[in-house]
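Q: Model the structure of this input:
(2 chains)
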Number of protein chains: 2
Amino acid sequence: MANQTYDVVGIGNAIVDVLSFADEKLINEQGLSKGSMTLVDENRSQQLYSQMGPTTACSGGSVANTLAGMASLCARTAFIGKVKNDQLGTIFKHDMRAVGVHFETGMMERGPATANCLVYVTPDAQRTMATYIGACSRVSEADIDQTVIQAASVTYIEGYLWDTETAKAAIRKGITFARAAGKKIAFTLSDTFCVDRHRDEFMGLITNKDIDILFANEAELKSLYQTTDIDAALKQAKGVCPIVTVTRSEKGSTVLTATTSETIPTSPVPNIVDTTGAGDLYASGFLFGLTKGWDMASCAKLGNRCAGEIITQIGARSLKPLNTLVA
Amino acid sequence: MANQTYDVVGIGNAIVDVLSFADEKLINEQGLSKGSMTLVDENRSQQLYSQMGPTTACSGGSVANTLAGMASLCARTAFIGKVKNDQLGTIFKHDMRAVGVHFETGMMERGPATANCLVYVTPDAQRTMATYIGACSRVSEADIDQTVIQAASVTYIEGYLWDTETAKAAIRKGITFARAAGKKIAFTLSDTFCVDRHRDEFMGLITNKDIDILFANEAELKSLYQTTDIDAALKQAKGVCPIVTVTRSEKGSTVLTATTSETIPTSPVPNIVDTTGAGDLYASGFLFGLTKGWDMASCAKLGNRCAGEIITQIGARSLKPLNTLVA
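A: Have a look, this model is predicted:
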C-alpha cells in the first residue's frame, strides 16, 4: 500500500444489478419512471422482484462501474463503498478485485443486506431502475481511507450517495482529504431525480469549487438548471467547473471548459442490447484519458467508445477487456 | 394444484452459474478438465473463485435449464430441487417461477449454501465447470411430490444427481411414482465424467427399462460404451431405450429408435458466445415437441433451434422468450 498510487479512487454505492427484459406495460403498472432510478425499501424491492421476469445478476453501482471500466483499460483504481458479508456482497467484492480495482472497505457482518438494483431493460434498450440501497447507506466517514485518497490523482464521487446523511458526511471527508492533498475531484450528477432531490446542495458543491470535472447527461444537466432547453443548460454550465462533460446518446458528447465548447461525435452502434452503464463507461474512458494528460477531444472519444462497447452487452461491466479500445 | 397437469416435471440440481471469460491457460493452471464438470468442495470452490475474472451470475442446473426453456416455449413444467434460503437460493427460485416453472421444493434454513457452478468460457465458446453442490446434495425422498410426478407426462432426471446417496434415493422414488402412474421417464447422461463415475448404474437403469428417452452428446455416448468411435456407440445405443437422442454440435443431432436412425442437421450459428446450456436447451425443444406428439425429426429440429439460440447468449437461460422458435 505505502507506495501504491492510483489514477482514480471512487466513492460510490456498492450494488449488484439484477437485470431483466421487460415491456413498458410492466414498468407503468409498477409505477416506475422509465429511464430513471427510483429508491425503494426492502419490502417494495421484494414485491417488484416477485413480478419481474427471469434475471441475470451483474455487479454494478455507477462509480464502481466506472472504476471497473478504467481497470479494464489498465488504469490503477481504488473503490470505497459498503457491502454486507453475504452472497451478493461476496460477488461484488470479487468482481471489483478480479478486474484489478483496490477494494478494502470493511464488509458489514450485521445490518441491511448488500444493495441490489432491479434493472428493467425495455425493447428500446433503455434501463429503468429500482434500487434497494441496503448496506450502501452505511458507508461512513470511518470508511474514507485518507492514504488511498491522497494517493489518487482524482477522487470520483456519485450524486446517488447524497441520499443518506452518513454517506454525505463520508463524501465531505473525501473532498477534504483530496483537497488537502492537492488532488482533483470528479462528480457525476447520476440521475434527473437525484438532481431534483439535491439540486441546491449540488449547486453548492459547484459554486464552492469542490468539483473539477462534472459528469452529466443531457437530462441531468437540464434538470440541474431547471430548463427544457439543452442549449440553454449548456450555456449556463460553461465554466462553472474547470471541465463539464455532457453525454448525448447517439450525438456523442459535449465537453465544456472555461474557454472551449466542443461536441465529439460517436460512431453508430448497430447492435444495442442494454444501455445500462453507458454513462458510467463514458466516464471510464474520459477519466482514463484525463489521467494520461490527453486533450479533451481524445478523452471524450475514448469515453464515447467505451460507452458504445458496453451497450452491446447485458449489464454495466464488460466481461471482456476494454484496453483494445485505446487507440 | 389439484387439477394442474404438467408436460414435464424435472428432478435436478438447483444451481446458480457464475460465468467468466477465461483463457485455456487458467483452466490448465487450476487443474480443471476443459469441456467437463468437476465437483469441488466449498474451500476449493472459493479458491477457484478468487482466481476467476469478472463474473455474471445466472440461474442454471441442467434439468432446471431444460424446464426454463420449455416454460419459455409455453409448456407446463414443474421442478424438484434443493436450495437454501439465501440470496442465491432466492435468485434461483425467482428465475424458475418468473418463467412459469412450478417450483415448491422447501428451501433449507440450515446446512450448506445454495449450489454454485463456476463456468469458465474460453475464446472457442466452450464451457468448463467447477460445481460446489452445496444444498443440492440434500434433495431427498421427502422432496419427491407424488402428486406432481403423477400429473406430468414425462419425468426428467439428470445424471449429475447420481453423485449423492440421498439424491439417488430421491430419483428412485421419482421413477417409482412415474412408473406407477404410467408416465414416461427421460434421463440425461449429463457429462462424460459423470458417466465414468456411474456407468454401471446408468447401464442398470437402461437395461431395467427405467428410461424411455435418453439424452446424450457424442462424448457422453462414447463414454457410456467406452469407445472412441461414435458410430460404434450409436450402433450399440440403438434400441436400448425407446428413444435415444445424441447432440452433435454443428452436425445437428441423431435420434435413434428401435427401428429408425435419423440425423437432423442444424443451421450454422454465426455469433456463438457461450455454449453453456446447449444440450439442456436441445432437450427443451425435443421434449416440447414430444409432449405435443410431434415426429422425431420435428422434435430434433426444435431442439437444434433452441440450442442454436442459447449459444448466442451468456448463460443457459434465455432472457428473451423462446416461443418464437416454434415454427
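
Q: Can you give me the pLDDT of the residue nearest in space to the middle of chain A?
A: Taking Cα atoms, centre = their mean, the centroid of chain A lies closest to A:Ser62, which sits 2.5 Å from it. At A:Ser62, the pLDDT value in this model is 98.

Q: what separates the closest residue to it other than its chain neighbours from A:Ile11, distance-wise?
A: Nearest non-adjacent residue to A:Ser62, counting by Cβ to Cβ, 6 or more residues apart in numbering or on different chains: A:Glu158, 4.7 Å away. The way it works is simple: take the backbone N, C-alpha and C, and place the C-beta from them, glycine included. Applying Cβ to Cβ, to the nearest Å, the value for A:Glu158 to A:Ile11 is 8 Å.

Q: which residues are in contact with both of those two?
A: Common contact partners of A:Glu158 and A:Ile11 (Cβ atoms under 8 Å, 6 or more residues apart in numbering or on different chains): A:Val63.

Q: name the helices or strands packed onto whichever helix or strand A:Cys299 is part of?
A: Secondary structure from DSSP states H and E places A:Cys299 in helix A:296-310. If you count contacts as 3 or more Cβ pairs under 8 Å, 6 or more residues apart in numbering or on different chains; DSSP states H and E, helix A:296-310 packs onto strand A:243-247, strand A:253-256, strand A:261-264, helix A:278-291.

Q: Okay, now the sheet partners of the first one, with direction.
A: Each strand that strand A:243-247 pairs with, and the sense of that pairing, follows from DSSP bridges: strand A:213-217 (parallel), strand A:253-256 (antiparallel).

Q: got the contact list for that strand?
A: The contact list for strand A:243-247 (Cβ under 8 Å, 6+ apart) reads A:212-218, A:221, A:234, A:237-238, A:253-257, A:278-279, A:282-283, A:286, A:290, A:296, A:300, A:303, A:307.

Q: With just CA atoms, put that strand into CSV.
A: Extracted C-alpha coordinates of strand A:243-247, given in CSV (Å, rounded to 0.1, in the frame of the first residue of the first chain):
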residue,chain,number,x,y,z
ILE,A,243,-14.4,20.6,-17.0
VAL,A,244,-18.1,19.7,-17.7
THR,A,245,-18.9,16.7,-19.8
VAL,A,246,-22.3,16.1,-21.2
THR,A,247,-23.2,12.7,-22.8
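
Q: how far off helix A:296-310 does it point, in degrees?
A: Inter-element angle recorded for strand A:243-247 and helix A:296-310: 30 degrees (by axes from the mean of the first three to the mean of the last three Cα atoms, to 10 degrees).

Q: what does the last one give?
A: Computed with the same axes, to 10 degrees, the direction of helix A:278-291 lies at 140 degrees from that of helix A:296-310.

Q: just checking, what packs against helix A:278-291?
A: Looks like helix A:278-291 contacts strand A:6-11, helix A:62-72, strand A:152-158, strand A:184-188, strand A:213-217, strand A:243-247, helix A:296-310 (3+ Cβ pairs under 8 Å, 6+ apart).

Q: And the fifth one, how far out from the chain middle?
A: Going back to what we said before, that points to strand A:213-217. Using Cα atoms, centre = their mean, to the nearest Å, the mean C-alpha position of strand A:213-217 is found 10 Å from that of the whole chain.

Q: so after it, what's the next helix or strand?
A: helix A:218-224.

Q: so what does that following helix touch, helix or strand wise?
A: helix A:192-207, helix A:230-237, strand A:243-247.

Q: Highest mean neighbour count out of the ones you listed?
A: strand A:243-247 (a mean of 24; mean count of other Cβ atoms under 10 Å in any protein chain shown).

Q: Centre of the chain to it, how far?
A: 14 Å.

Q: Check stretch A:310-322 too.
A: 15 Å.

Q: residues in contact with it?
A: Contacts with stretch A:310-322, where a contact means Cβ under 8 Å, 6+ apart, come from A:17, A:19, A:56, A:58-60, A:65, A:68-69, A:72-73, A:95, A:99, A:121, A:125, A:269, A:271-278, A:280-281, A:284, A:306, A:309, B:19-21, B:53-54, B:56, B:314, B:319.

Q: Give me every residue in the stretch 101-250 of chain A lying close to chain B.
A: Counting by Cβ under 8 Å from any Cβ of the partner chain, the stretch 101-250 of chain A comes close to chain B at A:Ala113, A:Thr114.

Q: measure the residue nearest to A:Ser62 to A:Gln150 for me?
A: 21 Å.

Q: related to what we said a few turns ago, quick check on the contacts of stretch A:310-322: which are buried?
A: Buried members of those, counted by 16 or more other Cβ atoms under 10 Å in any protein chain shown: A:17, A:19, A:56, A:58-60, A:65, A:68-69, A:72-73, A:95, A:99, A:121, A:125, A:269, A:273-278, A:280-281, A:284, A:306, A:309, B:19-21, B:53-54, B:56, B:314, B:319.

Q: Double-check that A:Val273 belongs to a strand.
A: No - applying DSSP: H, G, I helix; E, B strand; the rest coil, one finds A:Val273 to be coil, outside a strand.

Q: That one contacts A:Ala125, doesn't it?
A: Yes - between A:Val273 and A:Ala125 there is a contact under Cβ atoms under 8 Å: 6.1 Å.
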